[in-house]
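Novice: Dropping the sequence and predicted coords here.
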Amino acid sequence: MDKAISFLTEAASNGAQLIAFPEVFISAYPYWNWIMTPVQGSKWYEELYRNSVSVDSAPIRRLQDAARENGIHVVIGMNERGESYGEIYNTNLIIDDTGALIGKHRKLVPTWAEKLTWTAGDGSSLKVYKTGIGPIGTLACGENTNTLARFALLSQGELIHIANYISLPVAPPDYNMAEAIKIRAAAHSFEGKLFTIVSCSTISKEIIDRMTPDVPNAAELLTRKSAAFSGFIGPNGAVIGEPLIDDEGIAYAEIDLAKCIQPKQMHDILGHYNRFDIFDLRINTAPTRKVTFIDDHDTFNQR
């Protein structure tokens, strides 16, 4: 959290009105799922759970205070502690420049080995949030390949999309993760005629050192070029400025939402360039109901 606040303060001092952090920046990504057996990784799951936090907690309130003090909007990934010891959510928080927590999105489907760690979210968090700098939506990592999830956000007037990721050096040898992230972001921006901000974490020496006692060749497995892309994509699908590839730091860009207008005149898939008499997308936005209690008076109590 200290690191997050230091980045936030630095960005605000340089004039930023919005800062986007990587996926599960608080407090770690479960890389052990990819390089250890489930049995080996069990102790790491417990450590991650102990370092996860609830949305209404002192660490998050610190972040809200920092956002308010610096007058900056924040989107940040976190490991959200659920009600059960076996329940951790991959969650993105949306905090406005007054420090108010205006929303959270839980990753709908953990990707591949991530299923060993995270519980799936539901449609109740598939929302776009109106802010003083524009309507913001967010999806985590592989969700950005989910066409229907992306359309759900576009349909709510999204103009600023936050796509946050982790670097994935354990991908197949011929897979360029940085390029794949850029392609996904460009597709969403071009289709929706909006701005996408990509924030991707990097692999640090600290991560490798922590994994090495359990996996002696951790350095080999976790070291890879072109594993992380952070940057900005405009409504035409083109990269704005210089992205960060595999490097930790802050990328900056100025965006003008008015630049979304002219491209939509040509292809507005939320308006004239669609056929809603043919296509009908229905989205269940009800929170997941774990259990229904029925008392003697047939009164329903739901959780």
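Specialist: Cool, the structure landed. Numbers count the residues shown, from 1 in each chain.
Novice: worst-scoring helix or strand of this structure, pLDDT-wise?
Specialist: Within the chain, no helix or strand scores below strand 300-302, which has a mean of 61 by mean pLDDT, DSSP states H and E.
Novice: Tell me, how many residues neighbour residue 222?
Specialist: Look at residue 222: counted by other CB atoms under 10 Å, it has 23 neighbours. Just so you know, the C-beta spots here come from the backbone N, C-alpha and C atoms, and that holds for glycine as well.
Novice: So what does it have for phi and psi?
Specialist: Reported as degrees, to the nearest 10, the phi and psi values for residue 222 are phi -110, psi 0.
Novice: Regarding this structure, what is its longest helix?
Specialist: helix 177-192 (DSSP state H).
Novice: Between its first and last residues, how far does stretch 243-263 reach?
Specialist: Start-to-end span of stretch 243-263 (CA to CA, to the nearest Å) is 23 Å.
Novice: heads up, I number from 13, so please use that
Specialist: Will do, 13 is the new start, and the previous item becomes stretch 255-275.
Novice: next one: it to chain centre, how far?
Specialist: Chain-centre distance of stretch 255-275: 16 Å, with CA atoms, centre = their mean, to the nearest Å.
Novice: That one - what's its average pLDDT?
Specialist: Averaging pLDDT along stretch 255-275 yields 97.
Novice: for stretch 30-41, same thing?
Specialist: The average pLDDT within stretch 30-41 is 97.
Novice: Torsion angles phi and psi at the residue nearest to residue 216 when sequence neighbours are not counted?
Specialist: With CB to CB, 6 or more residues apart in numbering as the criterion, residue 216 has its nearest non-adjacent residue at 7.5 Å, and that residue is residue 260. In terms of degrees, to the nearest 10, the main-chain angles of residue 260 are phi -80, psi 140.
Novice: Just list whatever residues bridge to the most centrally placed residue in the chain.
Specialist: The chain has residue 152 as the residue nearest its centroid, 3.2 Å off, counting by CA atoms, centre = their mean. Taking DSSP bridges as the rule, residue 152 bridges to residue 176.
Novice: what's the pLDDT at it?
Specialist: Value listed for residue 152 in the pLDDT field: 98.
Novice: any idea how far residue 236 is from the spatially closest residue to residue 38 that is not a sequence neighbour?
Specialist: If the residues on either side of it in the chain are set aside, residue 38 comes closest to residue 90, at 4.0 Å by CB to CB, 6+ apart. According to CB to CB, to the nearest Å, residue 90 and residue 236 sit 25 Å apart.
Novice: in this structure, which spans are helices?
Specialist: Assigned by DSSP H, the chain shows helices spanning 14-25, 44-47, 50-62, 70-82, 159-166, 189-204, 217-223, 230-234, 273-278.
Novice: Same list, the ones you listed, but as a markdown table with distance to residue 245 please.
Specialist: Formatted as a markdown table, the helices of the chain follow (distance: least, CB to CB, whole Å):
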| stretch | distance to residue 245 |
| --- | --- |
| helix 14-25 | 19 |
| helix 44-47 | 27 |
| helix 50-62 | 31 |
| helix 70-82 | 24 |
| helix 159-166 | 13 |
| helix 189-204 | 4 |
| helix 217-223 | 27 |
| helix 230-234 | 27 |
| helix 273-278 | 13 |
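Novice: Verify the stated contact: the residue nearest to the centre of the chain with residue 116.
Specialist: No: applying CB atoms under 8 Å, one finds residue 152 not in contact with residue 116, separated by 11.3 Å.
Novice: Show me the common contact partners of these two, please.
Specialist: Residues touching both residue 152 and residue 116 (CB atoms under 8 Å, 6 or more residues apart in numbering): residue 104.
Novice: What count of nearby residues applies to residue 44?
Specialist: Neighbours of residue 44 using other CB under 10 Å come to 26.
Novice: Give me the neighbour count for residue 128.
Specialist: Residues lying near residue 128 (other CB under 10 Å) number 17.
Novice: Just to check, it is in contact with residue 57?
Specialist: Yes: using CB under 8 Å, residue 128 makes contact with residue 57 at a distance of 7.3 Å.
Novice: what residues are shared contacts of these two?
Specialist: Common neighbours of residue 128 and residue 57 (CB under 8 Å, 6+ apart) are residue 42.
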